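Asker: Okay, predicted coordinates and the sequence, questions at the end:
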Amino acid sequence: MTVKERPLLRRAEAARLSDVSNDFAATNPPSGATLELSDVAYHYAGKRGQRTAGLGPINLMVGAGEFLTIVGPSGSGKSTLLSVLAGFLKPQQGQVRLAGQVVSGPDPALTLVQQEHALFPWLTVAGNVAFGLKSQRVPGDEQRRRVAAALAQVGLPEYGERRIHELSGGQRQRVAIARALATRPGLLLLDEPFSALDERTRTDLSEQLRGIWQEQHITVVFVTHNLEEALKLGERVVALRDGMVVLDAPTQELSVEKLRAVMEEG
Ligand SMILES: Nc1ncnc2c1ncn2[C@@H]1O[C@H](COP(=O)(O)OP(=O)(O)OP(=O)(O)O)[C@@H](O)[C@H]1O
């Protein structure tokens, strides 16, 4: 992507975020929501309309407040799964339910944090964190309270007035997480959120995320290439291969060697 194209992409992202439902009360479950996938499949259209690689069909249940990590080789369907969960891709088959309700499109109750944090450079840090709250029509005082609380949670309490270009990569990723947390999501989706960061920052942010999860009981689905990270962070690990679930087990029953072996079979 060229530098010129980036602002266009960010504006497209801004438009997409403002498009989400405005029903604030209905989309703010008090704690983590249950996630249920029944027979879900998404396949990309290839040449002459043929279906190509993608995902599923898969069945998966994530309990309220559970921390699930998803691993799998490149091309195994991890990002496709998160895009389906976030409501960005509509499955051709099956249903995704969050807190019992069918997910039919993007919704503030489920937020996706990606490696490319897609922050808006024309807004301050506080403006970025408040962005989803404006589209949810959260009253001004409550917005300020939530922005301050979310920035404190990610360790950036004094950074509200800073501009995005003044921040390091790790700080930007913290802001992206604060923006997600401020909307009080029932489900937090993270797609390789720390993969562009150095080892030390990655460890710090992982620990902070786990602390936030323990405090808030949010349901978390975290995609990573890093098997050590998957085992350290999650309570349960799902491994994908060729779009299918090939392992689903509690972390304490797993090791890096076992995960690697499962992913390389086949
Ligand atoms: N927009 C697209 N059009 C066609 N095929 C796609 C598209 N996006 C992904 N795919 C294909 O779908 C499959 C799953 O891709 P996906 O990006 O979900 O995998 P992944 O596990 O996230 O990979 P990575 O770890 O490399 O990010 C791959 O075979 C990929 O080539």
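Answerer: Arrived safely.
Asker: Over to the residue nearest the centre of the chain: give its phi and psi.
Answerer: With distances taken as C-alpha atoms, centre = their mean, L189 lies nearest the centre of the chain, 2.1 Å away. Main-chain torsions, L189, degrees, to the nearest 10: phi -110, psi 130.
Asker: And for it, nearest residue in space, chain neighbours not counted?
Answerer: Nearest residue to L189 in three dimensions, chain neighbours excluded: L112, at 4.4 Å (C-beta to C-beta, 6 or more residues apart in numbering). Yep, even glycine has a C-beta here, placed from its N, CA and C like the rest.
Asker: Tell me who's in contact with that neighbour.
Answerer: 82-83, 85-86, 88, 180, 189-191 (C-beta atoms under 8 Å, 6 or more residues apart in numbering).
Asker: Now intersect the residues you listed with the helices, please.
Answerer: 82-83, 85, 180 (DSSP state H).
Asker: How far off centre is the helix or strand hosting R146?
Answerer: Element membership for R146, per DSSP states H and E: helix 140-153. How far helix 140-153 lies from its chain's middle: 20 Å, per C-alpha atoms, centre = their mean, to the nearest Å.
Asker: Give me the three-state assignment for L55.
Answerer: Recorded secondary structure, L55: strand (DSSP: H, G, I helix; E, B strand; the rest coil).
Asker: who touches the residue of the stretch 151-266 of the chain found nearest the ligand in this structure?
Answerer: Nearest residue of the stretch 151-266 of the chain to the ligand, counting by C-beta to the nearest ligand atom: H225, 6.1 Å away. Neighbour list for H225: 71, 74, 192, 195 [criterion: C-beta under 8 Å, 6+ apart].
Asker: again, only this time at 6 Å
Answerer: Applying C-beta atoms under 6 Å, 6 or more residues apart in numbering to H225 gives no contacts.
Asker: neighbouring contacts of stretch 249-266?
Answerer: 73, 227, 231, 234-237, 239, 241, 246-247.
Asker: For the residue nearest to the centre of the chain, list each beta-bridge partner.
Answerer: Residues in a beta bridge with L189, per DSSP bridges, are L112, V221.
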